[in-house]
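1. give me a model of this one.
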Amino acid sequence: MTDLTAIPLTRIDGSADSLGAHKGKVLLVVNVASKCGLTPQYEGLEALYKAKQDQGLEVLGFPANDFGAQEPGTHAEITEFCKLNYGVTFPLYAKADVTGPGKQPLYAALIAAMPAKVGPAAEFRERLKGHGMTPTEDPEVLWNFEKFLIGKDGKVAGRFAPGVTPDDPTLVAAIETELAK
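-> Now for the predicted structure:
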């Protein structure tokens, strides 16, 4: 199994990072997009980050243009959009693929570590098809705003379908369980 903490990452401002730099924190890794029906989840993610940051939670946003070209912006445009519209202060990373053969190494490792997701994935997939969109098949990331929870030990502790909102009791309880460890 890949050591998630050793995978090199690039922040949206071009600086180097890794999950190892967040050692001892609980991480919520989310693939995000600015032009998606789920984009308002940015507000909930920021509220969750603000509420639990002092307890050790970090929300990490990974812009991706994999689904319906819903993240077409440049890094500067994404940063501005997130700050102006949702007051995002949690870290954002360089835009990269989260599905398919060109997926970034972090997402390949996350999917391998936790192939199944919690939440209404099948229903969400059918809704997308009803809108003429082609969702991915499991175990791939289904759509924007899918969430991976990583414990303080650096291991994947949960995976949540895109429709699981940041204030969903199941997600919040999983985060609180990891924070308590």
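
2. now the strands for this structure?
-> Listed in chain order, the strands of the chain (DSSP state E) span residues 8-10, 16-18, 26-32, 57-63, 147-150, 156-160.

3. then the helix or strand of the chain with the lowest mean pLDDT to PDB, C-alphas only?
-> One helix or strand of the chain scores below all others by mean pLDDT, DSSP states H and E: helix 121-130, with a mean of 90. Written as PDB, here are the backbone C-alpha positions of helix 121-130 (Å, rounded to 0.1, in the frame of the first residue of the first chain):
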ATOM      1  CA  ALA A 121     -23.800   6.900  -4.900                       C
ATOM      2  CA  ALA A 122     -26.200   4.800  -7.000                       C
ATOM      3  CA  GLU A 123     -29.000   7.300  -6.800                       C
ATOM      4  CA  PHE A 124     -26.600  10.100  -7.600                       C
ATOM      5  CA  ARG A 125     -25.200   8.200 -10.600                       C
ATOM      6  CA  GLU A 126     -28.800   7.700 -12.000                       C
ATOM      7  CA  ARG A 127     -29.600  11.400 -11.500                       C
ATOM      8  CA  LEU A 128     -26.500  12.300 -13.600                       C
ATOM      9  CA  LYS A 129     -27.600   9.900 -16.300                       C
ATOM     10  CA  GLY A 130     -31.000  11.600 -16.300                       C
END
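
4. and it, how far out from the chain's middle?
-> 19 Å (C-alpha atoms, centre = their mean, to the nearest Å).

5. equivalent analysis for stretch 146-161, please.
-> With C-alpha atoms, centre = their mean, you get 10 Å for stretch 146-161.

6. same question, stretch 166-180
-> For stretch 166-180, the distance to the chain centre is 15 Å (C-alpha atoms, centre = their mean).

7. and stretch 109-124, by the same measure?
-> The chain centroid and the centroid of stretch 109-124 are separated by 12 Å under C-alpha atoms, centre = their mean.

8. residues contacting it, please?
-> 1-2, 4, 7, 29, 103, 135, 138-143, 146, 148, 155-156, 158-164, 168, 170 (C-beta atoms under 8 Å, 6 or more residues apart in numbering). Just so you know, the C-beta spots here come from the backbone N, C-alpha and C atoms, and that holds for glycine as well.
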